[in-house]
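take this sequence and fold it.
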Amino acid sequence: MNQDREMMKRIELAADVFLTAMVFVAMYAVKRCLPADFLGGLTTTPNYYLLLLLIIVTWYVILDFVNVDYRYGAKMTFSLLMELFKGVTISIAVLVVLMYIFKITDVSRLLIFLFYVMDIIVLILARWAIDRLVTSKRREGYFHRYILILGSRTAAHELIQMVKNQKGSTIKIVGCIELNREDVGKTVSCDVKVIGTLDDLRDILLNQVIDEVLITMPLNEIKNSEWYLSFINTFGITVRIIPYWYIRKFMTIHAFHSVKVEQFLSEPALIISRIQKNQDALAIKSLMDYVLALFALIITSPLFVIVPCLIKLFSPGPVFYKQIRSGQDGRQFPLFKFRSMVIGAEEQQYTLIELNEADGPAFKIKKDPRIIPYIGRLLRKFGIDEIPQFINVIRGEMSIVGPRPPTPAEVEKYELWQRRRLSMKPGITCIWQIQPGRNDITFNQWMDMDMNYIDHWSLWLDIRIIFKTIPAMLLGSGR
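Modelled structure (predicted):
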């Protein structure tokens, strides 16, 4: 946990330094482009590249040294604003001293002043924007960790109390599972009830959002406990076992990517997970997602003017198409696309079932009659219709790389082993999308590719998929 917090601090610090560098570049461009008689113009004597390097190093060292105690996503308060003001002011003072030491002269004082003011404003606005996003998502329950407890005795009671006493906790206890049917309905603690027995476990995992299963009863009390542990992991759901446990036999029979002990609040717990949980790498993946999505939206911004005009020209109705998809651990979200089909295409699907060329829950037709004439096929062929999904990445609902998000109707038809593809955040591109004959790949082959991606995920794998996606788009392999 401490390592995770330290990693997040480094990422937030790097984000501050990046924004600060961009502010300096922007102020330099504005000052240089303005007419000299309108507070503009710059001399060419100073080495502004060296000055930018000093700013990057100074801000990183000083903001870390003064231990500016603020976090992205934290509620905006007066003390947070003062921390920001203190950190930037000390940094600018140190920068002036370094300019004197390195004899960087003739630097525009107006440029430094504008940079100082705008840096404070931009860092505040960045936190305000993320605060709004986090607050909005928190209301929707997006940041909640939904936990199902196996057991309802002393350990379960104490853990529920600890969760309820944790101020601002994002942990939500869905309920408890017991061995005996007569215990169903009884209140364990703080309005948390026993919602079923082990016989109900399958239905609960299928129909509710569950991020973790917490086992608080001795495993030797659960008949065929090894089977239940395997069953839960089939969904890609993490299991935490609170002592007492006898797990050695299970660990030697089954191979998992992660078997380790971590703290759950103040209690030690054994984590058994088939999902890669390298938190440092996942944090870098998230940061990379935001940066690349923002860059992609800037680069493709002209298409947000051209494509809507073409869609309107060939088909009346809205420009964007919004469809509910299933994301990580079954969380539902609206996926955005440029509309490439006629209005009412989703309702027409039921009349075209006999033409479906895909196996499994997927639905695909080679020459789909619902596609908008001329422009629709072009949008789909080159993946242009997918571009608005970068907005989903900015909203935190998707990643650049990951299993494609299915519809809830498709998820209902999944076999149990296929549910594990929901254990990772869905992506715009994936291994399936970079295959030469991707439209002819069977549904089970597609699922195998997603499972292989989840089991062998790494940052390097994501980078390789991104670079392979570019030629796949340019060659028009979509349908």
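
skipping its backbone neighbours, what lies nearest the residue nearest to the spatial centre of the chain in space?
By CA atoms, centre = their mean, the chain has its centre lying nearest to residue 396, at 4.4 Å. Distances taken as CB to CB, 6 or more residues apart in numbering put residue 137 closest to residue 396, at 6.6 Å, once the chain neighbours are dropped. (Each C-beta comes from the backbone N, C-alpha and C, glycine too.)

next, count neighbours for the one you found.
A count of nearby residues for residue 137, using other CB atoms under 10 Å, gives 16.

and the residue nearest to the centre of the chain, which of the three is it?
Using DSSP: H, G, I helix; E, B strand; the rest coil, the structure places residue 396 in coil.

my read is the residue nearest to residue 396 is in a helix, agree?
Yes - counting by three-state DSSP, residue 137 is part of a helix.

I'd assumed residue 333 was in contact with it.
No - the pair residue 137 / residue 333 is not scored as a contact, 10.1 Å apart, by CB atoms under 8 Å.

do you know how far residue 471 is from residue 344?
Look at residue 471 and residue 344: by CB to CB, to the nearest Å, they are 35 Å apart.

actually, residue 236.
Computed as CB to CB, the residue 236 to residue 344 distance reads 35 Å.

follow-up on the earlier one: which neighbours do residue 137 and residue 333 share?
Counting by CB atoms under 8 Å, 6 or more residues apart in numbering, the common neighbours of residue 137 and residue 333 are residue 395.

which one is residue 335 nearest to, not counting chain neighbours?
Residue nearest to residue 335 in three dimensions, not counting chain neighbours: residue 325, with 4.4 Å by CB to CB, 6+ apart.

on the three-state scheme, residue 202 is what?
Per three-state DSSP, residue 202 ends up helix.

can you count the residues close to it?
The burial count for residue 202: 12, using other CB under 10 Å.

what's near enough to touch the closest residue to it other than its chain neighbours?
Leaving out its chain neighbours, the residue that sits closest to residue 202 by CB to CB, 6+ apart is residue 231, at 7.7 Å. Counting by CB under 8 Å, 6+ apart, residue 231 touches 201-202, 416.

torsion angles phi and psi at residue 415?
phi -80, psi 160 (degrees, to the nearest 10).

same question for residue 429.
Dihedral pair for residue 429: phi -130, psi 160, per degrees, to the nearest 10.

and it, bridged to which residues?
Following DSSP bridges, residue 429 is listed with bridge partners residue 401.

burial measure for it, as a count.
Counted with other CB under 10 Å, the neighbours of residue 429 add up to 23.

isn't it up against residue 465?
Yes - counting by CB under 8 Å, residue 429 touches residue 465, with 6.0 Å between them.

hey, what's in contact with both of those two?
residue 401.

what is the least confident helix or strand in this protein?
Least confident element among the helices and strands of the chain, by mean pLDDT, DSSP states H and E: helix 248-253 (a mean of 54).

for residue 454, helix, strand, or coil?
Put simply, residue 454 is helix when judged by three-state DSSP.

just residue 366 next, same as before
coil.

quick check on it: phi, psi?
Dihedral pair for residue 366: phi -60, psi -50, per degrees, to the nearest 10.

does residue 347 belong to a helix, a strand or coil?
Assignment for residue 347 (three-state DSSP): helix.

neighbours of it, how many?
9.

let's have the chain start at 39 instead
Yes, from this point I'll number from 39; that puts the last item at residue 385.

gap between it and residue 405?
Residue 385 is 19 Å from residue 405, by CB to CB.

residue 438 now?
30 Å.

how about residue 331?
Separation of residue 331 from residue 405 (CB to CB) stands at 32 Å.

have a look at those two and say which one is more surrounded.
With neighbours defined as other CB under 10 Å, residue 331 and residue 405 compare such that residue 331 has more, 21 against 9.

hmm, residue 426 and that one touching each other?
No - counting by CB under 8 Å, residue 331 stays clear of residue 426, with 10.9 Å between them.

tell me the secondary structure at residue 356.
Classified using three-state DSSP, residue 356 is coil.

thought it was touching residue 377?
Yes - counting by CB under 8 Å, residue 356 touches residue 377, with 6.3 Å between them.
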